[in-house]
Each structure stands twice: as structure tokens, then as C-alpha cells.
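Peer 1: the following comprises the amino acid sequence and a computationally predicted model.
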Amino acid sequence: MADYPPEIYLDSDTEERLISYLEEELTQHYAERGAHIDDLMRWQKDYWATPINREATFPFKGAATIIIPLSAIAIEAIHARTMTMMFGLPQFVSAHAVSGAWAQHDKHVERFLDYELQHNIKIRRVLNSCFLEAEKFGTMIAKVGYEKQIKYGIVEVAGEEETFPVVTKDGAVVDPVPDSRFLMPHSATDPQTAQWCGEEHSRSPYEVMMLEDAGMFRPGTIISTDPDPNINNSKLAGWLDSTRPAPGDSDGNKFEENQQNLENTGPVWPDRINWVEIWLPFDVDGSGQLREIVVHYHRDSRTIMSIRNNWIKNLRRPYITGVYFPVEHRWRGIGICKKNEQFQREVTTQHRQRLDNATLANMRMIVVHKLSGYGPREPIFPGKMWFVDDMTHISTIQMGEVYPSSYNNEQATLIYSQQRSGVNEAILGMPQVGTPGTATSDLARIQEGNKKFDFVYGNFREFAEEIVTEVACVVQQFGPRNLAYYNQVENGRLVKQFFEMPQEYIRDGLLIQLKTAGQTQNKILDRQNWQQIAVHLQAYYQGLVSLAQPLGDPQLLRLIFTKGLGAATEAMRQILESFDTRNIDRMIVTELEDLLSGGPTQPGLVEGGVGGSPFVGQEPGMDQLTQAFSAITGNGNEQLNRLLLPNGRI
């Protein structure tokens, strides 16, 4: 297993020139991204919908402070549908061989990557964060790379204690990168073509120490190199004081602190080390030629934690970006918080006004004439009699009236919000407001509403497929987490052959195309389409038999009939897949492939089988073909059983 690439050590002048360049670029970028960070924090507050004041004092004490969480309602509905469709099937990766030479490899590569992503990388947890941030803010970012971490323990051997290492991480990793921590000039449109890009890191000293011990950072970054245990001469020794105030210079830390305040989970002593990771071209040897390097830089102390050449074979940067809803010519997208921003405020204002109006309408005060003889502490109870000299001495004041139009205005705003976000009562599974429609109209509404969701889901799936491809490239370069997989797992040698091919073949899909195996579209519509296709297939093959019978060519009839069997089986497979049925191979005649092609277990129908003719008694006719199609595509199994003999031959 390969370790981290070797460090690059620059002379003092070149290193100072690099630090000056980084400081200049980062200072400019932090100045331009402040407004965007403010937007993210405001949208996060909209999602949490926490009132600023628990008790309002305007327009009167005790007025409504509730916030209607329109953004949260839409986000949670979309997120639940997205994750269910992406991980609704046990299989996550789908591999398809481009050429026949790799046909026997694709299933084994698929099984290996599926295990690597789901069990080792925990891809569901990673995509959960990426997708949720895209739904909220419009943009999702992930980083695919290699990481190695080592922990140490003590074991007693022959009465003496010895230190032993335990590798806790060693292989491909996928990390979600928050938009608030991702760094790239706003003038850029793609991390691969940007002048530079990177991210902010904020880790505990213990995590930094493990990374240095694994070889990610230079020796002496946080671990002291002085033999005296009482002396700490590490470069970041002065930045480990937990009594320092919470870091506020990092945009990522600002956003994280905002989230912690909403959750009421802010730490007392943050004790974190903040640094930036920058991927950029730089002249490291004074030759005038720029080289792609990776720099880990601690800004507060102006310390270079590590410098390496870009170790990815085609010099690709490890960041992958995607959007919820795109914006033309921009790499960031639009999320639901932005779409619902003004509608949530309007509905909240209207709802508060309606509550306050109802409160005032039910709030009646008593006007008492100062000469009536009643004081301010006079008890009030039902049936109380008031004795006054003048009927005008005691009366009531009503503070407000109930206006039905306020409810109608609120409902109109909700409709606008649903039109923008695409989340309505049909998507939420709620009964339709007003007069219910017919079942046909409801199905049509669902199909039309799914078009917008299918477009968004296509963006999510494209993002996930790019992650799958990059993970395969990391495995090709650094190897799997456990090399024993190649030798111990059945057909592991086929997986090894695939990952021994050049990385460009894997990334470009020249050998095997890697995709995600989640649902891709509306299953109800897909199911109806395939049921109709099965009927057309039946009519097509019946017509072929009608045209071929007058010719009297048994070979032609045999070919049509065998093709019809394969087509009917495939149609049934697609119908079962539209129902998300498990163990489909146990339900359909998967042995037809061997039977039709003359595989290892059955003589081929096309070649004539044993004795020249695979058919018993007569060549296939119209009635046999119709009965076979009817049996396979859903008209009962009795006809199919009558066509099959004990030896499996028709």
C-alpha cells in the first residue's frame, strides 16, 4: 500500500514567496466571500425557524412570534425522496462492460466497489450531508482522496511493554466539504480550471497529531522533536492554548458557530487548529515552469505544514461539485432556502397578523366611568349585575375584528411557494385542498410534478456517479484497503485485472462504465410503459410468425421463436424491476441465455439442439408463441407449464 507522496522542501526565499502569494490571494478571497457567508447563515436560520424573541412586545406584549418553516417542509420532503431513490436498492454501484472482453469482470468490479463505498467509506452518510446542503443552499461539494491514520497502543511481551501501531484509515476516503469552507475565487467556474482552489480545515490537536504521525504533515508541525519531554518546540506549539477565544477569522468557523448557536451545542473551549489546504500551480524551483502542488498552510503562524506535488496521475484536483438547480454560467446553484426566502417571510408575517388579530378580537376591555362607583380591582364573573346611574358609565371596547381575507392571502402565498419549490400536498402525501379530483387527474398531477424532481435527481445522480469513478481511480493508484481481497475473495483476480489497467481507462469508462444503481424515474409510469411494450412485443412476434409460416423454413421459425422467448423474459424483468422486486433471477427463467446460445448447461436452440430439432412434435406456430407470451407477460402460468416438458425442452 502506498503512503503519502514525498514532501517538497523549498529554500527560504521561494517559501516566503509562496507564503506571500497565498496571503494575498486568501485576503482578497475572504473579502469577496463575506456576503455569501452571510446568505448561508441567514438561510440556515430560515431552515431552523427559531424565533428571535421568545416573547414579543410589539404590537402588544404576548404577540405571536411563530415562524412558518416553509423551507424545512420542502427540504425534508425532497431529501427523503432523494435518499430513498438513491439507496432504495441494496446495490449502490452498477457496472456495465463496454466490450465483450470485460463482460465477465463487470459484476465482480461492481460488487467490490459497492462494498468499498457502502461499508468502508460509508457513502450514504457522506451523500446525506452533500445532498442536504444542496437542497438547502443550492451547491454540494465532495472531496475524494487518500488518507492514512495510525493509532498506537501498548502490549506486554515477555514481561516488557511494547508499542504497537494500529492503522485506522488507509485507503480511499470521501469527505463532504461545506460550502462555507470551500475556497475558490468567485471569478472561477470549475475547480479543475480555477487559478487555485482548496478548503478550510479545523481539527483538534489530537487529530492533527495523528495526521502528522501518519506522514501527512512535516515532522515538528505539532509533535515536538526535542528529546526533553518538558520542551515543546513544534511549530504550532504556541497555538494549542485552549484559553484562546473561539476562532472567528475563518468563514467555516463562523458558519459552524452559527449552527451550534441554533442547536445550543457550542463548546466552551473550542481548542482547534485552523489551516487551509490549497491546490495551485507554482514555480517551486525557479525554472519559470509552474508545477501543480498541494499546500497545507497555517495562516495565523505563517507556517507551511506540508508541500507536495499533485499526486493524482492526471493532475486532477480532488473536488467534485454539483447543484440542486443550476444557474447559467455559474458553478453554484439555487437551493430551496433561496426559493422560499421571501415566501416564508410573507407567510410568517401574514400568519402572525392573523393570530394577533384573533387575539385582539377576543380581547375585550371594560370602560368604567370614574363616577360610577366601581374601582380597578372590581371582580368580574358571569351573571354579575352592574348598578349605575347612567347606562353609558360602563361599556366594552373591542380591539379588533376577524377578517376572512387574511386567511385567503396566506393560502395564495403558499401556492406561490409550492410553485417555486415544486413541493405540494401530492408530493407530501396529504389530501388535496378543496374538491378532490379523480384518480386519473391525481396520477397526471403526480407525473407532472415528478418532472421537476426527476431533473433535480438527475443532478444528484450525476454527482454521485462522479464520486464512484474517482473512488475507483484512487483504488487503482493506491490499492484497496485490504490487499487480501484480490486473493481471498472469489474472482478477486478479475477485480485486480481491472484495477491494473491505466487510470485513464477507468476514469473515461473505456472498459467498464460505472454508474449508480438507484431508481432513476417515476416507477409508476415506467411500470405502465413496460406493460404496454409487452403487448406490442407479442403482436410483433405474432406478425413475424404469420409472415414466416408460408415460407416453410423451420430455421427461420426457430429463430423467431427463440428471440420471442428472450424478449418476453426481458419484458418481464423490466416489469419486476419497476416494482423494485428483490431476487428477480429466482422468478424468471434466467437459464434462457444458456438455452438459446448453447451455453455450458444446455444445448442451443438456435443451433438445433440434440438430434437437430429442439421442438417436440412440430415446429413453433402462432398458437404456441401466443401462449408463451401470455404466460410470461402476466396471463397465468398454466399455459407455460403445458408448453414445458420435464427435461426443460419446449
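Peer 2: Happy to help now that I have it.
Peer 1: can you map out the strands along the chain?
Peer 2: According to DSSP state E, the chain carries its strands in the segments 93-97, 139-157, 160-176, 182-183, 197-203, 273-282, 291-298, 303-309, 319-323, 364-368, 394-398, 512-516.
Peer 1: how about the nearest residue to residue 218, chain neighbours excluded?
Peer 2: Leaving out its chain neighbours, the residue that sits closest to residue 218 by C-beta to C-beta, 6 or more residues apart in numbering is residue 306, at 5.6 Å. (Each C-beta comes from the backbone N, C-alpha and C, glycine too.)
Peer 1: okay, now that neighbour: neighbour count?
Peer 2: 21 (other C-beta atoms under 10 Å).
Peer 1: please apply the same query to residue 217.
Peer 2: Residues near residue 217, counting by other C-beta under 10 Å, number 24.
Peer 1: any weak-confidence spans in the stretch 151-300 of the chain?
Peer 2: Within the stretch 151-300 of the chain, the segments meeting pLDDT under 70 span 240-249, 269-270.
Peer 1: quick one on the thing from earlier: wait, the residue nearest to residue 218 touches residue 215, no?
Peer 2: No: using C-beta atoms under 8 Å, residue 306 is not in contact with residue 215; the gap is 9.2 Å.
Peer 1: for the protein, longest helix please?
Peer 2: Ranked by number of residues, the top helix in the chain under DSSP state H is helix 439-478.
Peer 1: next one, pLDDT for the nearest residue to residue 446 once chain neighbours are set aside please.
Peer 2: Nearest non-adjacent residue to residue 446, counting by C-beta to C-beta, 6+ apart: residue 426, 5.5 Å away. With respect to pLDDT, residue 426 scores 71.
Peer 1: which ones are touching the nearest residue to residue 492 once chain neighbours are set aside?
Peer 2: Among residues not flanking residue 492 along the chain, residue 486 sits closest, at 4.4 Å (C-beta to C-beta, 6+ apart). With contact set as C-beta atoms under 8 Å, 6 or more residues apart in numbering, residue 486 has these partners: 480, 492, 493, 495, 496.
Peer 1: which residue lies farthest from the center of this structure?
Peer 2: Ranking residues of the chain by C-alpha distance from their mean position (C-alpha atoms, centre = their mean) puts residue 389 at the top, at 76.8 Å.
Peer 1: phi, psi for that one please.
Peer 2: Dihedral angles of residue 389 (phi, psi; degrees, to the nearest 10) stand at phi -80, psi -30.
Peer 1: list phi and psi for the residue nearest to it when sequence neighbours are not counted.
Peer 2: Setting aside the residues directly before and after it, residue 389 is nearest to residue 372 in space (C-beta to C-beta, 6+ apart), at 7.5 Å. According to degrees, to the nearest 10, the main-chain angles of residue 372 amount to phi -80, psi -20.
Peer 1: isn't residue 372 right up against residue 388?
Peer 2: Yes: the pair residue 372 / residue 388 is scored as a contact, 5.0 Å apart, by C-beta under 8 Å.
Peer 1: give me the common contacts of those two.
Peer 2: Shared contacts of residue 372 and residue 388, defined by C-beta under 8 Å, 6+ apart, are found at residue 394.
Peer 1: please export the C-alpha coordinates of stretch 192-202 as PDB.
Peer 2: C-alpha atoms of stretch 192-202 as PDB (Å, rounded to 0.1, in the frame of the first residue of the first chain):
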ATOM      1  CA  GLN A 192     -10.300  21.900 -12.300                       C
ATOM      2  CA  THR A 193      -9.600  25.200 -14.300                       C
ATOM      3  CA  ALA A 194      -9.500  27.700 -11.400                       C
ATOM      4  CA  GLN A 195      -6.300  29.500 -10.600                       C
ATOM      5  CA  TRP A 196      -6.400  27.800  -7.300                       C
ATOM      6  CA  CYS A 197      -8.900  26.100  -5.000                       C
ATOM      7  CA  GLY A 198      -9.000  24.400  -1.600                       C
ATOM      8  CA  GLU A 199     -10.700  24.300   1.700                       C
ATOM      9  CA  GLU A 200     -10.500  25.400   5.300                       C
ATOM     10  CA  HIS A 201      -9.700  22.700   7.900                       C
ATOM     11  CA  SER A 202     -10.400  22.900  11.700                       C
END
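Peer 1: list the contacts of the residue nearest to residue 218.
Peer 2: Residue 306 touches 7, 216, 217, 218, 221, 294, 295, 296, counting by C-beta under 8 Å, 6+ apart.
Peer 1: do that again at 6 Å, thanks
Peer 2: Residue 306 makes contact with 217, 218, 296 under the criterion C-beta atoms under 6 Å, 6 or more residues apart in numbering.
Peer 1: give me the subset of the contacts of residue 486 lying in helices.
Peer 2: Using DSSP H, the members of these that fall within helices are 492, 493, 495, 496.
Peer 1: what's the spacing between the third one and residue 113?
Peer 2: Plainly put, residue 495 is 9 Å away from residue 113 if you go by C-beta to C-beta, to the nearest Å.
Peer 1: so which of these two has more stuff around it?
Peer 2: Legend: neighbour count by other C-beta under 10 Å for residue 495 and residue 113, higher for residue 113 (26 against 21).
Peer 1: isn't that one right next to residue 93, touching?
Peer 2: Yes: applying C-beta atoms under 6 Å as the test, residue 113 and residue 93 come out as touching, 4.5 Å apart.
Peer 1: what about the residue nearest to residue 504 when sequence neighbours are not counted, neighbour count?
Peer 2: Leaving out its chain neighbours, the residue that sits closest to residue 504 by C-beta to C-beta, 6+ apart is residue 314, at 6.8 Å. Using other C-beta under 10 Å, residue 314 has 9 other residues around it.
Peer 1: can you pull the phi/psi pair for residue 314?
Peer 2: phi -100, psi 20.
Peer 1: quick one: it and residue 172, what's the gap?
Peer 2: Residue 314 is 17 Å from residue 172, where distance means C-beta to C-beta.
Peer 1: repeat for residue 218
Peer 2: Using C-beta to C-beta, residue 218 is found at 24 Å from residue 172.
Peer 1: among these two, which residue is more densely surrounded?
Peer 2: Between residue 218 and residue 172, residue 172 has the larger neighbour count (other C-beta under 10 Å), namely 26 against 17.
Peer 1: shouldn't the more buried one be in contact with residue 471?
Peer 2: Yes: using C-beta under 6 Å, residue 172 makes contact with residue 471 at a distance of 5.0 Å.
Peer 1: show me whatever sits in contact with both of those two.
Peer 2: Shared contacts of residue 172 and residue 471 (C-beta under 6 Å, 6+ apart): none.
Peer 1: make TSV out of the ones in helices among the contacts of residue 486 and add pLDDT and distance to residue 417.
Peer 2: Listed next are the ones in helices among the contacts of residue 486 as TSV, based on pLDDT from 0 to 100; distance: C-beta to C-beta, whole Å:
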residue	pLDDT	distance to residue 417
492	89	53
493	90	56
495	93	49
496	92	53
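Peer 1: which two of these have the greatest separation?
Peer 2: Spatial extent of the ones in helices among the contacts of residue 486 (C-beta to C-beta) is set by the pair 493 and 495 at 7.3 Å.
Peer 1: circling back: partner residues bridging the residue nearest to residue 218?
Peer 2: residue 296 (DSSP bridges).
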